[in-house]
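1. Pasted the sequence and its predicted model underneath.
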Amino acid sequence: MLAPVSPLLVEEVWAFTPEHIKSSVGEHPLRRLWTPYVTGWSDKEAEAFQKGVAVLESVHDAIKRVQEVARTDKKMGSGLECDVRIDITEDASAASSLLMSVPSGELAEMFVVGNVTSAAPEVAKESMPLEEQGSPDWTYEAEFVADAGRVRGKVLVAAPRGEKCLRCWRFVAPVPDSLCKRCEQVVEEMDTEVPGL
């Protein structure tokens with residue numbers, strides 16, 4: 001439970017943990033899923049949630065792999081300097097429902113990217129190639145597999161279509177040297193809460 005709060009301490013303690021304890025625990029503490037907030041869920045609901053988290057991790061790994069290729073090719077620097085589209089091309093289980101139900105803004109924050117769009121299997125088959133949606137300067141793609149091969153798809157990472165927001169640095173602002181809609185709203189709320197700022 002300490003892992004999200006102090007990961008370096010947990011990593012150091014794990015490094016000095018005797019092997020017999022490691023083997024009985026089985027999983028590295030930083031990879032373990034703690035779900036204290038899902039009390040009252042049935043076993044089926046908890047299992048679906050854990051499978052959904054595994055899909056998110058698989059997608060995240062694919063995005064990071066592609067970003068490293070783009071960085072090597074000197075196409076991008078910051079992780080916020082790209083747009084991502086997630087296409088789920090095969091889905092024989094309910095594990096991808098978590099991915100499809102998370103708002104794209106939250107996915108962008110989870111994956112630390114500028115913008116995320118995702119498509120269900122029926123939409124992914126018909127979805128327009130990213131290159132045809134405004135012709136970004138560059139695109140890269142990678143496949144991901146999760147839930148014992150039952151969830152398959154690909155991530156497309158492309159040059160951002162928006163401009164860099166002056167506040168959050170995501171490339172989602174409508175024009176250069178401006179704020180994105182989310183940051184405009186936050187700044188307006190701050191002005192109303194603290195007059196004179």
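-> Nice, I can see it.
2. could you say what helices and strands the lengthiest helix in the chain packs with?
-> For the chain, the helix that runs over the most residues, judged by DSSP state H, is helix 43-72. With contacts defined as 3 or more Cβ pairs under 8 Å, 6 or more residues apart in numbering; DSSP states H and E, helix 43-72 has these neighbours: helix 97-101, helix 104-111, strand 139-146, strand 151-158. C-beta coordinates here come from the backbone N, C-alpha and C atoms, glycine included.
3. which residue sits closest to F144, ignoring its sequence neighbours?
-> Closest residue to F144 apart from its sequence neighbours, by Cβ to Cβ, 6 or more residues apart in numbering: A62 at 4.0 Å.
4. can you list the domains in the chain?
-> Here the domain parsing of the chain from the TED database is 43-161, 162-196.
5. Moving C-terminal from the strand or helix carrying W14, which element do we reach first?
-> Taking DSSP states H and E as the definition, W14 sits inside helix 7-15. Remark: after helix 7-15, the chain's next helix or strand is helix 19-25, criterion DSSP H and E.
6. Tell me which helix or strand in this protein has the weakest average pLDDT.
-> When the helices and strands of the chain are compared on mean pLDDT, DSSP states H and E, helix 121-126 comes out lowest with a mean of 47.
7. circling back to that earlier point, hey, which of the helices and strands packed on helix 43-72 is tucked in deepest?
-> Among the helices and strands packed on helix 43-72, strand 151-158 has the highest mean neighbour count (mean count of other Cβ atoms under 10 Å), at a mean of 24.
8. List the contacts of G162.
-> Taking Cβ atoms under 8 Å, 6 or more residues apart in numbering as the criterion, G162 is in contact with 114-115, 170-174, 180.
9. V175 belongs to a helix?
-> No: assigned with DSSP: H, G, I helix; E, B strand; the rest coil, V175 falls outside any helix and is coil.
10. buried sites along the helix holding W14?
-> Neighbour counts using 16 or more other Cβ atoms under 10 Å place V10 of helix 7-15 among the buried residues.
11. Low-confidence regions, this structure specifically.
-> Across the chain, the ranges flagged by pLDDT under 70 are 33-40, 91-96, 119-135, 193-197.
12. ok, so what distance separates the residue nearest to the spatial centre of the chain from P174?
-> Central residue of the chain (Cα atoms, centre = their mean): F111, 2.8 Å from the mean position. Computed as Cβ to Cβ, to the nearest Å, the F111 to P174 distance reads 22 Å.
13. Next: A159.
-> A159 sits 17 Å away from P174, going by Cβ to Cβ.
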